[in-house]
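>>> for reference, the sequence and a predicted model appear below.
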Amino acid sequence: MNDNPMSKRVGLTVPDTIHEKLERWAKAEGRPVANLCNFLIEKAVNEAEEKGKIPDTALVKAK
């Protein structure tokens, strides 16, 4: 995947209703909201990649 071990920050704005649900979910799992969001984004990206929705790195660099 990414050979760069550095983490990147991403600013994210979500509607109040979603944030409230994320807070409840995170609290139920005993983790911070940011950690839950990171998990959910990573899971979604991996699933999208498996389904071929994310172009291969070589294809993106060729453009």
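Now that the structure is in, tell me what you want to look at. Numbers count the residues shown, from 1 in each chain.

>>> lowest average confidence, helix or strand, in this protein?
The weakest-scoring helix or strand in the chain, judged by mean pLDDT, DSSP states H and E, is helix 57-62 (a mean of 66).

>>> by contact count, what packs against the lengthiest helix in the chain?
Counting residues, the longest helix found in the chain (DSSP state H) is helix 33-50. Counting by 3 or more CB pairs under 8 Å, 6 or more residues apart in numbering; DSSP states H and E, the packing neighbours recorded for helix 33-50 are helix 16-29. For every residue, glycine as well, the C-beta is placed using N, CA and C.

>>> let me know the angle separating the helix it packs on from helix 33-50.
On the basis of axes from the mean of the first three to the mean of the last three CA atoms, to 10 degrees, helix 16-29 is oriented at 100 degrees to helix 33-50.

>>> list the buried residues of helix 16-29.
Buried positions in helix 16-29, judged by neighbour count with 16 or more other CB atoms under 10 Å: 22, 26.

>>> run through who's touching that helix.
14, 32, 33, 35, 36, 37 (CB atoms under 8 Å, 6 or more residues apart in numbering).

>>> using CSV, write out the CA atom coordinates for the longest helix of the chain.
What follows is helix 33-50 as a C-alpha-only set of coordinates in CSV (Å, rounded to 0.1, in the frame of the first residue of the first chain):
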residue,chain,number,x,y,z
VAL,A,33,-14.5,9.5,18.1
ALA,A,34,-11.3,10.2,16.1
ASN,A,35,-10.1,6.6,16.5
LEU,A,36,-13.5,5.2,15.5
CYS,A,37,-13.5,7.5,12.4
ASN,A,38,-10.0,6.4,11.5
PHE,A,39,-11.1,2.7,11.7
LEU,A,40,-14.3,3.4,9.6
ILE,A,41,-12.4,5.3,6.9
GLU,A,42,-9.6,2.7,6.7
LYS,A,43,-12.2,-0.1,6.4
ALA,A,44,-14.2,1.7,3.7
VAL,A,45,-11.0,2.5,1.7
ASN,A,46,-9.8,-1.2,1.9
GLU,A,47,-13.2,-2.4,0.8
ALA,A,48,-13.3,0.1,-2.1
GLU,A,49,-9.8,-1.0,-3.1
GLU,A,50,-10.8,-4.7,-3.1
